[in-house]
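Engineer: sequence and predicted structure, then a few things I'm wondering about:
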Amino acid sequence: QVQLVESGGGLVQAGGSLRLSCVASGSIRSHNAMSWYRQPPGKQREAVAGITSSGYATYLDAVKGRFIISRDNDKNTVYLQMNNLTPEDTAVYYCKRHQQEQRTWVDYWGNGTLVTVSS
């Protein structure tokens, strides 16, 4: 089992920045990818950004140029730097770890951290 703990959410004004962190612990495997998802109020969860163990990153179009995903493999931590936030970024942000265990891939989720952007 893998445990994921997110932190860094909070209330920020439009145009501001926040940095989310997600620390993984437990049965860590080297072949993995980590992602950030978000679920706005009343909407479905969507993928925001992902990063492989080698550092290849992908982004939701709506956050390109504003958000940066990064990771520290030594600390088993993934970050999401969020800049120029807008009210549309308000959501619960979840961390996901996708890792290979034996012959299959398994997903683990954190409990989420709330980001609220005021106008």
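Structural biologist: Cool, got the structure. Numbers count the residues shown, from 1 in each chain.
Engineer: residues touching the residue minimising distance to the centre of the chain, list them.
Structural biologist: Nearest residue to the geometric centre of the chain (C-alpha atoms, centre = their mean): Trp36, 2.4 Å. Shown in contact with Trp36 (C-beta atoms under 8 Å, 6 or more residues apart in numbering): 20, 22, 47-50, 69, 78, 80, 93-96. Backbone N, C-alpha and C define where each C-beta goes, glycine included.
Engineer: need the pLDDT of it.
Structural biologist: Looking at Trp36, its pLDDT stands at 98.
Engineer: what of the one 3 residues further on?
Structural biologist: pLDDT, Gln39: 98.
Engineer: quick one: contacts for it?
Structural biologist: When contacts are counted by C-beta under 8 Å, 6+ apart, Gln39 touches 45-46, 91-92, 94, 112.
Engineer: identify the farthest-apart pair in those.
Structural biologist: Farthest pair in the contacts of Gln39 (C-beta to C-beta) is Glu46 and Gly112. Separation: 13.4 Å.
Engineer: where exactly do the strands run in the protein?
Structural biologist: Under the criterion DSSP state E, strands of the chain are mapped to 2-7, 10-13, 18-26, 32-39, 46-52, 57-59, 67-72, 77-82, 91-101, 104-109, 113-118.
Engineer: hmm, back to that, dump the contacts of Trp36 to TSV, plus neighbour count, pLDDT and distance to Asp61.
Structural biologist: Output for those, formatted as TSV (neighbours: other C-beta atoms under 10 Å; pLDDT from 0 to 100; distance: C-beta to C-beta, whole Å):
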residue	neighbour count	pLDDT	distance to Asp61
Leu20	24	98	19
Cys22	25	97	22
Ala47	14	98	11
Val48	23	98	11
Ala49	23	98	11
Gly50	19	98	14
Ile69	22	98	14
Val78	28	96	20
Leu80	27	98	16
Tyr93	24	98	17
Tyr94	22	98	19
Cys95	26	97	21
Lys96	19	97	19
